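In: What follows is a predicted protein model with its sequence.
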Amino acid sequence: MRLTDAFAGRRVLLTGHTGFKGSWLALWLERLGASVTGLALDPPTDPCNFAVSDVAGTLAADHRLDVRDLDAVAKVLADAAPEVVFHLAAQSLVRESYQAPLETFDVNVIGTAAVCEAVRRRGQPCVLVVVSSDKCYENLEQGRAFVEDDPMGGRDPYSASKGATELVVSSYRSSFFDPARLDRHGVRLSSARAGNAIGGGDWTADGIVADTVRALVAGRPVQVRNPTAIRPWQHLLEPLSGYLTLAARLLGDDPGRFCRGWNFGPAAGDQATVRELEDRFLSAWGGGRWVDCSDPDQPPEATVLRLGIGLARRELDWHPRWSLDEAIQRTVGWYRRYYDGGGAGMRQATLEDIAAYEQAAPRKE
């Protein structure tokens, strides 16, 4: 399946297009020939990939508004008349959720409900892919990989908000967008749960790669909070390709069978500890050191997160393409190019990574 065949000439609404993953997805969609309308708040960081990769220049329209504003979202939806909606707008940080729990629940849960409700009120067929997180699952720290039918949960506000997001999606699918009745409503609704994404252009506060790069550029040791924690690390192009593949399936034949939740994570061997990620990153960078700054009084985070991707492999024929080492090399290369070149040419750097990913062979197991 060629993604250009699915998206060329399509009208796409992308929420969260000013963020890290959203900015990369906007560029990829434009490369595939889609006409992209963005809906988001202003970029959350400075610098940001949205600016340095000149994402604004690729958009058919750029709307700056709060995704919780149902009337405003509904108006954008009516004007853009999208055939595909990718909902990425969210509060995406675990530690931030401890500082602002109500806002985290409001943005992630009510914001998702507002997008679903705007689609319902519009009353026109479309594909709607809601992006969630691997942290949506009830994590009992058993160490096994989560699969799509595991129960939702979350001990911290962020994780709980993502579990609740999935419940909102499931409720709208059952109540209004029944896959067995697509001929009546035409809305093909799915959710996508990704692993921990790394890549160029991420300056998120408290992000492991962002914190590492900031420290290395400043000549400081990298402060690492949870070196033994295990995460499903992946280059952000892996889950983005999953979202695109899922949407393409929903645009194709027999879409009802794809209306459900899906995991998009790394190959099993690339789920590594924070310590392993940091050691490999510093090796690829060519120097630097990290120090353990774990604090028993810091807000708790999950010790082990693993994501099973067997369903996506079998049913979507989606497979990871880059190993963890390749993902790290690509990420380091992007930041080196940014800092060595004074921020110039980063749109081309981003597009080159996308092109390289497209050409890489799927890692089938």
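Out: Arrived safely, thanks for sending.
In: Could I have the CA atoms of the helix or strand that contains residue 50 written out in CSV?
Out: Assigning secondary structure by DSSP states H and E places residue 50 in helix 49-52. The C-alpha trace of helix 49-52 is given here as CSV (Å, rounded to 0.1, in the frame of the first residue of the first chain):
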residue,chain,number,x,y,z
ASN,A,49,10.1,22.2,15.0
PHE,A,50,7.0,24.0,13.7
ALA,A,51,9.1,27.2,13.3
VAL,A,52,12.5,25.9,12.4
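In: Give me the helices and strands touching that helix, please.
Out: The contact analysis (3 or more Cβ pairs under 8 Å, 6 or more residues apart in numbering; DSSP states H and E) places helix 49-52 against helix 20-31, helix 346-359. The way it works is simple: take the backbone N, C-alpha and C, and place the C-beta from them, glycine included.
In: Compare the ones you listed and give me the one nearest residue 102.
Out: helix 20-31 (23.4 Å; Cβ to Cβ).
In: before we move on, which element is residue 62 in?
Out: Using DSSP H and E, residue 62 sits in strand 61-64.
In: With residue 9 instead?
Out: Using DSSP H and E, residue 9 sits within no helix or strand.
In: Residue 83 is in contact with that one, correct?
Out: No - using Cβ atoms under 8 Å, residue 9 and residue 83 do not qualify as a contacting pair, with a distance of 9.3 Å.
In: of the two, who's got more company?
Out: residue 83 (19 against 10; other Cβ atoms under 10 Å).
In: Got the phi and psi for residue 36?
Out: Main-chain torsions, residue 36, degrees, to the nearest 10: phi -110, psi 130.
In: Pairing partners for it in the sheet, please.
Out: Judged by DSSP bridges, the bridge partners of residue 36 are residue 12.
In: So what's the residue count around it?
Out: There are 28 residues near residue 36, going by other Cβ under 10 Å.
In: residues touching it, list them.
Out: Going by Cβ atoms under 8 Å, 6 or more residues apart in numbering, residue 36 touches 12-14, 17, 26, 29-30, 58-60.
In: which of these count as buried?
Out: Neighbour counting over these (16 or more other Cβ atoms under 10 Å) leaves 12-14, 17, 26, 29-30, 58-59 as the buried ones.
In: could I get those residues as CSV with pLDDT?
Out: CSV is the format used below for these (pLDDT from 0 to 100):
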residue, pLDDT
12, 98
13, 98
14, 98
17, 98
26, 98
29, 98
30, 98
58, 94
59, 98
